[in-house]
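S.K.: Here is my input, please return the structure:
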Amino acid sequence: MVSAMLLLLLGVLLGPCAGDNLFLSRHFFLQSGWEEMTLGGRRHPLSLELLEAVVEDLASLRSGLLGVGVDLQLELDCRELLTAFAEGSMRLTGCLVRSARPVRICQNCYLQFRDVSEELENITRVVGNTTESNHCAKSLLISDRLQIVVVLYKFFIDTWQKANCANCLKNKSEGLSNSTEMFLALFNESLACFEHNLQKQEDNLIPGNFTEVCKNCSTTYKKLNAMYNMMQQGELNDESGEQSHLCIDVEDAMNITRRLWSMTFNCSVPCSDTVPVIAVSSFILFLPVVFYLSTLLHSKQKKRILILPKRIQSNTSFVSIQEKCN
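M.R.: The predicted structure follows:
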């Protein structure tokens, strides 16, 4: 479009110099509001006023098209930021999908999540000490109603928060916390014990008999279960007050272990608090019996006291005196 207008202007300028008149034999439109001009087959020279108007409209049209071109083309630094965010999002998305089952999101993807967060901070970082945002933030975040970058990052944040991954990591996502590493070590030890004893069980050729697993892996399972309970109790003392659950990796690992232990292997661990529970339950059951027995033993039966009239009392005493005399 611009090249065609330039050729038109060049013809207008060179036509008079060559001694020829410039003639138009087709319809053309300009954005300045000119009406459609039909010159047909007759030749009409352009006046000086018309030539000036063509030059002005061509200049405004060229500047408008150049302005559109600037909007469509991102600046180099903004394109580099967008490319870095796209590559980081691709790595994080792939890690989330690969770690979906069994759930290993927090322990496998925390580095990728940290990288994506840093790349978004680079886009929204303020310039120097001023309050003005990076000039790329407007182009990449709020230039259209879809806001793909914002929507995608919000999805990552929501997934990370629902998984409670912060409860498994150290500050600033530098790595797994000590308690999480201890739990995962016990979890791997339990799975290794299950697998080892299952192989021994297959040699006995007794299907459905997992006594060796229950016997040899009971200690490891107790340690894992105790560690999980301790982590659950420890979360109540968290200073942040935001993490109400353990991270999804720990919960899923414990669920898998308990399902294998109770449903697959049909094992059971005797509860160490059985004796106190039985004693307290028995005491509560016998409380009504003790209450009624104590009521019968210590209650006094009310006896009716017969109050005799004074005259009867005197006669009775007189009779008794006579009997003594006789």
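S.K.: Low-confidence ranges, the stretch 51-200 of the chain, go.
M.R.: 51-73, 126-133 (pLDDT under 70).
S.K.: can you give me the helices in it?
M.R.: Taking DSSP state H, counting those that start in this stretch, the helices of the stretch 51-200 of the chain run over residues 76-98, 105-124, 135-141, 148-162, 178-203.
S.K.: May I see the buried residues of the longest one?
M.R.: So the one you mean is helix 178-203. The neighbour-count check on helix 178-203 (16 or more other Cβ atoms under 10 Å) flags 179-180, 182-184, 186-187, 190-191, 193-194, 197, 201 as buried. Any C-beta I mention is one placed from the backbone N, CA and C, and that applies to glycine too.
S.K.: Out of the helices of the stretch 51-200 of the chain, which is closest to residue 287?
M.R.: Residue 287 sits nearest to helix 178-203 of all the helices of the stretch 51-200 of the chain, at 42.1 Å, using Cβ to Cβ.
S.K.: And whichever helix or strand comes after the closest one, what does it pack against?
M.R.: Under the assignment DSSP states H and E, the closest C-terminal helix or strand after helix 178-203 is helix 211-216. If you count contacts as 3 or more Cβ pairs under 8 Å, 6 or more residues apart in numbering; DSSP states H and E, helix 211-216 packs onto helix 178-203.
S.K.: The helix it packs on packs against which elements?
M.R.: Under the contact criterion of 3+ Cβ pairs under 8 Å, 6+ apart, helix 178-203 touches helix 211-216, helix 218-234, helix 248-259.
S.K.: the inter-axis angle of it versus helix 218-234?
M.R.: With axes from the mean of the first three to the mean of the last three Cα atoms, to 10 degrees as the basis, helix 178-203 and helix 218-234 are set at 150 degrees to each other.
S.K.: and helix 178-203 with helix 105-124, angle?
M.R.: Going by the same axes, to 10 degrees, helix 178-203 makes 140 degrees with helix 105-124.
S.K.: Okay, angle between helix 178-203 and helix 248-259 too, please.
M.R.: Going by the same axes, to 10 degrees, helix 178-203 makes 30 degrees with helix 248-259.
S.K.: Kindly reformat the helices of the stretch 51-200 of the chain as CSV and extend each row with distance to residue 286.
M.R.: Listed next are the helices of the stretch 51-200 of the chain as CSV, based on distance: least, Cβ to Cβ, whole Å:
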stretch, distance to residue 286
helix 76-98, 58
helix 105-124, 51
helix 135-141, 71
helix 148-162, 49
helix 178-203, 42
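S.K.: Can you tell me which of the helices and strands packed on helix 178-203 is packed in deepest?
M.R.: helix 248-259 (a mean of 18; mean count of other Cβ atoms under 10 Å).
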